[in-house]
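Undergrad: coords below, sequence missing:
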């Protein structure tokens, strides 16, 4: 800055263009954008810390409960317990990241600079979507597996830990007759590694798709606060409202909401809820919400003035 | 950014969004504050360069060009307006474009910054680039621009060189000092000039060039002690020309003088 008024240093000649600016460069650009702001690191760190931390706490609590009263072993879904925090809180934080990826461009005005550099809007939107989805999927898979392993490790020795490598048999029912250690179990539940893997992967995919729902809402609403509020409304508030509806018919509509997959994907023990579809079809419902919102967002991104 | 209500915009005969590598064709600085403040200057420029597949070392070069190398790793949130303008100009230079567009580049700058931008624009024009500058600052434009485009109420009002624009204005007059002003005034009037006495034997003549006035004086044998062109300022010329086409008469004229300097 000191010699600002002196003649500018000369720029060296640019190498000639190698083809047309397209998706490859824009993907690199969007990755640079994502990794060069602190909010990305804060949200990812929050997802990992909250999910893994609560998985450990839940594991310790289960181990303690079983130690105090072995009857609690019966029907214990430890996989779901380890994934619970990632499921409930992780999706919320990922939703914030999904919204910010797009709304921060509007709140800062960066969108005008971005679209000046790369005026092909479909390419910009696709690159944003691909980069966000990839990063979120990687973070979700890691978080999901680490939450599972840390959670199970925290309750090791309690006799109910689930495993990805061999089947685990736990008692189905328990009757306590007398003091806590005087328990009679009957029946067994076999948890296969495949069921556990489905829960871990399903949870990671669900959280990623919730991120896409938030991304779609962000590109439609374009305001950070409004989009985050909408995402919370869709994923958390509407389910609560549905709970308040009469039992006679609320179960018939619950399956059509995007959060319902959450009730089946991470479950490894117990009866299937007859009012919901099974894990993957129910996940498909969430996916349809994401596809519609991302699609509408894409249309608006291409057609609206920035 | 904005879909036109009517009409089309093309660069070298192509829509901007159809250009193979837009940043190599046009460098536009529309709003220096249109950056993500949480991103460092270096990363801001890098993410722009990557969209057009420009080499990474180009980012260091343009930072050097605008004098921001030392703060390249700092988040642009803390930048002054002048530093933001420099960052915006760095972005326009990434693709080494033939055409540059600066919207109000000197707004809010300190004198040093204004001088720097003025010199930079002249350097860029001297390198054979076309530099479009839009500004409401008439005196600044008078200092920098060669060619002038005036737009008022969405209509093109003028598209000519700076000298032509000022000469059209009635503010332009020749100043003649002579021992016999009355005689000269009559002679000039006969040739279509409009001479007004300005005291001390001085006439202000409109409608005739200094050459014509000199010739007329010579033919009539009238001694002339001084003959010079009084240039109207760009501001005077602008106000006169746009008097009918400003949108909001009570306020500041909203017509924009877009000034093209260079080729």
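TA: Thanks, I have it. Remember, predicted model here, so these are calculated numbers, not experimental data.
Undergrad: Distance check, the residue most central in space within chain A against chain B.
TA: The residue lying closest to the centre of chain A (Cα atoms, centre = their mean) is residue A:207, at 1.8 Å. To chain B, residue A:207 is 24 Å away according to Cβ to the nearest Cβ, to the nearest Å. To be clear about C-beta, it is placed using only N, CA and C from the backbone, and glycine gets the same treatment.
Undergrad: Stretch B:33-43 and chain A in contact?
TA: Yes: interface with chain A: stretch B:33-43 contributes B:33, B:34, B:35, B:36, B:37, B:38, B:39, B:40, B:43 (Cβ under 8 Å from any Cβ of the partner chain).
Undergrad: Excluding chain neighbours, give the residue nearest to residue B:3 in space.
TA: residue A:305 (6.2 Å; Cβ to Cβ, 6 or more residues apart in numbering or on different chains).
Undergrad: Three-state assignment for that neighbour, please.
TA: coil (DSSP: H, G, I helix; E, B strand; the rest coil).
Undergrad: number of nearby residues for it?
TA: 6 (other Cβ atoms under 10 Å in any protein chain shown).
Undergrad: ok, it touching residue B:4?
TA: No: using Cβ atoms under 8 Å, residue A:305 is not in contact with residue B:4, being 10.2 Å away.
Undergrad: And residue A:212, how far from residue A:293?
TA: 8 Å (Cβ to Cβ, to the nearest Å).
Undergrad: do residue B:206 as well
TA: Distance, residue B:206 to residue A:293, using Cβ to Cβ: 67 Å.
Undergrad: Neighbour count: those two, which is higher?
TA: residue A:293 (23 against 15).
Undergrad: The more buried one should be in a strand, yeah?
TA: No: going by three-state DSSP, the assignment for residue A:293 is helix, not a strand.
Undergrad: Surely it and residue A:220 touch.
TA: Yes: contact between residue A:293 and residue A:220 holds when scored by Cβ under 8 Å: they sit 6.8 Å apart.
Undergrad: Per-residue confidence, the residue nearest to residue B:3, what does it come out as?
TA: Residue A:305 carries a pLDDT value of 88.
Undergrad: Give me the distance between it and residue A:121.
TA: In terms of Cβ to Cβ, residue A:305 sits 11 Å off from residue A:121.
Undergrad: What confidence value was assigned to residue B:143?
TA: 76.
Undergrad: Show me the helices in chain A, by range?
TA: A:23-35, A:38-68, A:78-85, A:91-108, A:110-117, A:121-154, A:193-221, A:224-232, A:238-244, A:247-254, A:261-265, A:279-303 (DSSP state H).
Undergrad: Just name the most buried of those.
TA: helix A:78-85 (a mean of 27; mean count of other Cβ atoms under 10 Å in any protein chain shown).
Undergrad: what's next to that helix, contact-wise?
TA: A:50-51, A:53-55, A:58-59, A:62, A:144, A:147-148, A:150-152, A:155, A:160-162, A:191, A:195-196, A:199-200, A:203, A:266-269 (Cβ atoms under 8 Å, 6 or more residues apart in numbering or on different chains).
Undergrad: can you list the residues of stretch B:33-43 next to chain A in a markdown table and add neighbour count, distance to residue A:285 and pLDDT?
TA: What follows is the residues of stretch B:33-43 next to chain A, written out as a markdown table (neighbours: other Cβ atoms under 10 Å in any protein chain shown; distance: Cβ to Cβ, whole Å; pLDDT from 0 to 100):
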| residue | neighbour count | distance to residue A:285 | pLDDT |
| --- | --- | --- | --- |
| B:33 | 16 | 42 | 87 |
| B:34 | 20 | 39 | 90 |
| B:35 | 26 | 40 | 93 |
| B:36 | 25 | 35 | 94 |
| B:37 | 18 | 39 | 92 |
| B:38 | 17 | 36 | 93 |
| B:39 | 23 | 37 | 96 |
| B:40 | 18 | 42 | 96 |
| B:43 | 21 | 39 | 97 |
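Undergrad: Let me have those in JSON lines, extended by distance to residue B:96.
TA: Listed next are those as JSON lines, based on distance: Cβ to Cβ, whole Å:
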{"residue": "B:33", "distance to residue B:96": "24"}
{"residue": "B:34", "distance to residue B:96": "21"}
{"residue": "B:35", "distance to residue B:96": "21"}
{"residue": "B:36", "distance to residue B:96": "24"}
{"residue": "B:37", "distance to residue B:96": "27"}
{"residue": "B:38", "distance to residue B:96": "28"}
{"residue": "B:39", "distance to residue B:96": "23"}
{"residue": "B:40", "distance to residue B:96": "23"}
{"residue": "B:43", "distance to residue B:96": "21"}
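Undergrad: Going by distance to residue A:243, which of these wins?
TA: Ranked by distance to residue A:243 (Cβ to Cβ), the residues of stretch B:33-43 next to chain A are led by residue B:38 at 38.8 Å.
Undergrad: Now for that closest one: which residues touch it?
TA: A:37, A:38, A:39, B:75, B:77.
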